[in-house]
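> any chance you can model this:
(one chain, ligands or ions: 1)
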Amino acid sequence: MSSRSRKARSKAKADREGKTSFKNTSSGSFGDGILSGGKTSPVGNADGSEKWNVPYPDGLPSDRPLDPDDYFEQLAIWLDLEGDAERARLARLRQIRSQRDVESTGQAIVGLDLVDYHTGLAGRYLLDLAKPGGKELPMNRLKVGSPVVLSMDDDPSDEGIAGVVSRRKNHSIQIATEVFPDRDRTEGSGGKSGKRPSASLASDRFRLDLSPDETTRQRQLAAMGKAQNARGRSGKLRDVLLGIKTPRVDGNPIDTHEIDPESFAFELNDIEFRTELNPPQRDAVAFALMADDVAIIHGPPGTGKTTTISEIIAQSVLRGERVLACAASNTAVDNLLERLVRLMPNVVRVGHPARVFESLQEHTLDALVESDPTNAVIKDLRRELDQILREANRPFRGDPGRQRRQRRELFAEAGRLRGLIRSQERSIVRSVIDRADVICTTTTIDEELLSDQSFDLVVIDESCQCTEPGMWQAILRADRLILAGDHCQLPPTVLSDEAARIGMRESLMQRLVQRHGQRIYRRLTVQYRMHESIMRFSSDHFYEGTLVADASVRSHRLCDLENVDDSDFTREPLLLIDTAGAGYEEELEPDGQSKLNHGEAKIILQLVKRLADAGVTGDQIAVIAPYAAQVRNLRMRLDLDGIEIDTVDGFQGREKEVVLITMTRCNPDGEIGFLSDRRRSNVALTRAKRKLIVVGDSATLCGHEFYSDLFGYFEEAGVYHSVFTLEGA
Ligand SMILES: Nc1ncnc2c1ncn2[C@@H]1O[C@H](COP(=O)(O)OP(=O)(O)OP(=O)(O)O)[C@@H](O)[C@H]1O
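The predicted structure is shown next:
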């Protein structure tokens with residue numbers, strides 16, 4: 001389809017729908033959708049019923065080449081649907097005005113004071129917000145890097161300004177914005193009439209809402225547009241990933257040529273490994289280094305995927321190459337960074353410094369720019385800017401008209417200074433980035449910072465957590481690509497059910513594995529986390545029984561920990577409590593969609609007490625529930641220092657000595673909702689090192705083969721107990 005017809009369709013849809021718009025007064029409209037970029041969109045009917053013209057309605061196929069136009073059309077449709085879903089969620093959220101209700105969603109914090117502000121890198125405003133009297137903030141999902149809208153709490157019509165969370169503590173939250181949150185800002189930019197001008201921010205209360213990530217979507221769309229039309233190396237790599245061209249290893253197409261064992265042995269012998277690796281890890285490194293286009297490292301839980309890709313990166317740098325190392329989440333990037341800095345000196349972390357582990361701060365771009373000798377001038381300019389801002393926000397006396405004029409002049413001067421700071425910083429940033437061997441960043445790449453930089457190798461860790469539109473910014477900068485991850489664990493979060501239904505949760509890595517089989521990937525098989533019996537079920541059901549527990553963990557038990565008593569309970573690595581027949585019906589959380597189960601929570605409380613009585617400390621225990629409502633329920637009831645209670649999604653990539661899982665679902669219809677995605681359970685079941693306890697209702701779960709097998713596995717191991725015999729467990 002021609003881009004013109006797509007553009008026309010998109011425009012028509014945008015006009016028809018009259019999208020919700022939350023205004024960002026500095027950088028234009030924030031929230032008016034991706035369609036303004038002239039991108040593709042699905043076709044809809046005027047009566048609101050959508051009839052999607054989706055190129056691949058069953059998701060992207062892996063058994064035939066994908067047409068680039070259709071492929072990018074599909075990705076744009078996903079993004080469009082996801083944008084709609086996020087905007088709808090924000091609109092619903094902002095309708096809720098009761099503090100208790102809105103804060104219980106975890107997506108908003110209300111009644112905030114602006115307690116301090118200053119300027120950060122690129123002249124952004126950094127605003128510190130806190131509850132009056134320094135009260136603790138409610139539990140919330142506003143993480144560092146989350147896009148938010150900051151608005152006046154007492155004014156439901158305030159469209160707010162866009163920001164990004166830049167720091168988060170128990171009692172305060174900091175956001176970075178392009179605009180200062182003065183009530184007057186709306187007046188100078190066509191804002192609403194009748195708004196009361198305020199002389200002092202001290203009297204204002206603010207509200208923060210998690211917002212749609214329009215900036216990210218725009219960046220993804222721009223990258224997709226470039227990739228669609230790319231020639232040269234990027235065009236070739238695109239064709240390889242779309243199945244039009246065959247990937248090559250050691251100069252040969254992988255679908256028709258086996259790797260020559262001699263060349264492989266030669267490659268392997270030639271590597272001076274920087275880390276102690278096991279044989280499958282070493283093979284994976286050699287395989288990745290031989291790939292001419294793309295290679296995949298499949299890392300089941302605890303098998304040292306991050307360790308392995310760090311070695312690949314180190315070897316690549318030793319060969320004189322430059323590497324871009326990314327992952328979808330800040331946490332995954334930091335995990336990788338932590339390993340990389342132990343192996344080599346020139347690694348730069350681009351992104352929010354607040355999210356970076358304390359010990360790694362010195363590697364952030366911000367810190368490196370800050371310590372650059374030429375930075376002194378910028379520091380002076382920043383001081384001047386802070387001074388002007390304080391002046392502008394000082395309560396004025398006298399004529400209100402004059403006040404507003406003066407304030408506007410001061411803000412204009414502040415704007416000029418910010419421009420100057422930015423251009424000075426840009427040249428320092430450029431030189432720091434040019435000197436780096438490895439750049440670490442999330443896959444949402446700041447195009448301004450990385451400008452035209454391309455890399456010999458691009459590595460995407462946790463790549464199954466990345467939606468496909470989210471990968472093209474990184475791919476476009478690659479000569480060769482390594483994807484690492486595990487398609488048997490959780491897929492990326494996709495809010496739109498419609499987008500998920502047409503394939504947005506499926507990953508590029510998974511598709512490549514399906515298309516090329518063993519020839520494109522190496523699986524790591526030795527795991528360093530779980531007792532063998534904790535590992536076995538997952539290994540058999542997801543990894544064809546290939547996992548092996550390393551000797552260091554194979555038979556480790558809770559009772560081997562110094563602080564833990566020796567008893568049957570602490571010696572046995574598995575326990576299942578079947579609640580069938582106990583009448584522990586699931587409930588829907590009041591005012592919510594999420595589920596909880598008081599009966600199962602009671603059992604979890606008893607088991608945690610038993611663990612604590614045996615000497616296990618809170619920080620050695622995690623409780624995992626598939627539903628946020630059950631997590632909230634347990635957090636209110638469980639009071640043990642250091643214990644972590646989270647959803648499966650919140651616990652991916654983590655581990656604990658003991659993990660208790662509350663399956664939560666219990667209903668007469670055998671409804672299990674998103675537990676039917678076995679990948680979610682695979683994550684939950686593979687977090688425990690020494691003891692795994694599952695609490696669930698066989699009557700509800702075992703109508704599904706996977707759970708029937710799971711209960712059977714515990715039964716065979718002799719660790720199955722009915723809730724009625726809990727005492728003997
Ligand atoms: N060859 C090895 N020898 C000894 N320990 C290892 C080896 N490889 C990895 N480990 C250890 O195993 C643990 C997991 O490693 P790593 O974090 O690299 O795994 P991962 O696969 O990225 O983890 P996740 O399952 O969380 O994704 C770490 O403690 C690491 O030190």
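> need the longest helix for the protein.
Criterion DSSP state H: the longest helix present in the chain is helix 400-435.
> other SSEs contacting it?
Packing partners of helix 400-435 (3 or more CB pairs under 8 Å, 6 or more residues apart in numbering; DSSP states H and E): helix 365-370, helix 376-393, helix 447-450. Yep, even glycine has a C-beta here, placed from its N, CA and C like the rest.
> distance between that helix and the chain's centre?
The chain centroid and the centroid of helix 400-435 are separated by 31 Å, computed with CA atoms, centre = their mean, to the nearest Å.
> residue contacts, the residue nearest to the spatial centre of the chain?
By CA atoms, centre = their mean, the chain has its centre lying nearest to residue 329, at 3.9 Å. The contact partners of residue 329, by CB atoms under 8 Å, 6 or more residues apart in numbering, come to 442, 462, 465.
> before we move on, what about residue 481?
By CB under 8 Å, 6+ apart, the residues touching residue 481 are 237, 241, 293, 294, 295, 457, 458, 459, 460, 475.
> hmm, back to that, got CSV for the contacts of residue 329, with neighbour count too?
Below are those laid out as CSV (neighbours: other CB atoms under 10 Å):
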residue, neighbour count
442, 24
462, 29
465, 25
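> re earlier: now the longest helix of the chain against helix 376-393, angle please.
Angle of helix 400-435 versus helix 376-393, following axes from the mean of the first three to the mean of the last three CA atoms, to 10 degrees, is 160 degrees.
> flag every buried residue along stretch 490-510.
490-492, 494-496, 498-510 (16 or more other CB atoms under 10 Å).
> and the contacts of that stretch?
For stretch 490-510, the external contacting residues (CB under 8 Å, 6+ apart) are 50, 52, 54, 56-60, 74, 77-78, 81-82, 84-86, 89, 241, 296, 328, 463-468, 470-471, 483, 485, 487, 648-649, 652, 677, 679-680, 683.
> related to what we said a few turns ago, between the contacts of residue 481, which is nearest the ligand?
Set against the ligand, the nearest of the contacts of residue 481 by CB to the nearest ligand atom is residue 459 (12.6 Å).
> if I read this right, that closest one contacts residue 314, doesn't it?
No. At 11.3 Å, residue 459 does not count as touching residue 314 under the criterion of CB atoms under 8 Å.
> more crowded one of the two?
For residue 459 versus residue 314, the count of surrounding residues by other CB atoms under 10 Å is larger for residue 459: 29 against 23.
> the one helix or strand the more buried one maps to: what's the following helix or strand?
Per DSSP states H and E, residue 459 falls inside strand 455-461. As assigned by DSSP H and E, the chain's next helix or strand after strand 455-461 is helix 472-475.
> which parts of that following helix are buried?
Neighbour-count burial for helix 472-475 flags 472, 473, 474, 475 (criterion: 16+ other CB under 10 Å).
> how about the contacts made by the last one?
Contacts for residue 475 (CB under 8 Å, 6+ apart) come out as 227, 234, 237, 238, 241, 458, 481.
> at 10 Å instead, please
Residue 475 makes contacts with 223, 227, 230, 234, 237-238, 241, 294, 443, 458, 460, 468, 481, 483, 508, as judged by CB atoms under 10 Å, 6 or more residues apart in numbering.
> now the two most distant members of those.
Within the contacts of residue 475, two members stand farthest from each other by CB to CB: 230 and 483, at 18.6 Å.
> the more surrounded of the two?
Shown here are residue 230 and residue 483; by other CB under 10 Å, residue 483 has more neighbours (30 against 18).
> quick check: residues of the stretch 151-300 of the chain near the ligand?
Residues of the stretch 151-300 of the chain lying close to the ligand (CB under 6 Å from any ligand atom) are 276, 277, 278, 281, 299.
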